[in-house]
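[1] show me how the following folds:
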Amino acid sequence: MYAIVDIAGQQFKVAKDQKLFVHRLEEAEGNSVSFDKVLLIDDDGKVQVGTPTIEDATVTAKVLKHVKGDKVIVFKKKRRKGYRVKNGHRQFFTQIQIESIA
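    Predicted coordinates:
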């Protein structure tokens, strides 16, 4: 059984007991959070597709920890002009574990 759910503006394919990283959520570590924007549910070949979401369908998850992603280097250069700029960025993520799909 899996579901496609909209979490913080992105769509994820989730299954029970799956761990995944999403953009930073405001919940504290250890709390449960539920998502009600469920777009599709597949229950062993029996598919329900929402228009745009499925009514009364929720996905609950537990917030495991808040982390920072890998560093992304942004390097800009214009040739023969001596212009070079180097910046770095680390995105904030929240690791969640899916508890149930209902």
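
[2] residue closest to the middle of this structure?
    V22 (2.9 Å; C-alpha atoms, centre = their mean).

[3] so what's that residue up against?
    By C-beta atoms under 8 Å, 6 or more residues apart in numbering, the contact list for V22 reads I7, A8, Q10, F12, F93, T94, I96. Backbone N, C-alpha and C define where each C-beta goes, glycine included.

[4] the strands in the protein, which residues?
    Counting by DSSP state E, the chain has strands at residues 2-7, 10-15, 19-23, 32-35, 38-43, 46-49, 59-68, 72-78, 83-89, 92-101.

[5] any chance of a markdown table for those, columns mean pLDDT?
    As requested, these are exported to a markdown table (pLDDT from 0 to 100):
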| stretch | mean pLDDT |
| --- | --- |
| strand 2-7 | 95 |
| strand 10-15 | 96 |
| strand 19-23 | 96 |
| strand 32-35 | 96 |
| strand 38-43 | 94 |
| strand 46-49 | 93 |
| strand 59-68 | 97 |
| strand 72-78 | 98 |
| strand 83-89 | 98 |
| strand 92-101 | 96 |
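
[6] need the winner for burial among those strands.
    Stretch with highest mean neighbour count among the strands of the chain: strand 2-7 (a mean of 19; mean count of other C-beta atoms under 10 Å).

[7] is the residue nearest to the centre of the chain bridged to anything, and to what?
    On the basis of DSSP bridges, V22 is bridged to T94.

[8] roughly how far does it sit from K86?
    V22 sits 29 Å away from K86 when distances are taken as C-beta to C-beta, to the nearest Å.

[9] residues touching the residue nearest to V38 when sequence neighbours are not counted, list them.
    Spatial nearest neighbour of V38, chain neighbours left out: A57 (4.0 Å); criterion: C-beta to C-beta, 6 or more residues apart in numbering. With C-beta under 8 Å, 6+ apart as the criterion, the residues that contact A57 are A3, D36, V38, I41, Q48, G50, I101, A102.

[10] closest to H66 among those?
    D36 (22.4 Å; C-beta to C-beta).

[11] once you drop chain neighbours, what's closest to the closest one?
    Excluding the flanking residues, the one nearest D36 by C-beta to C-beta, 6+ apart is T58, at 5.2 Å.
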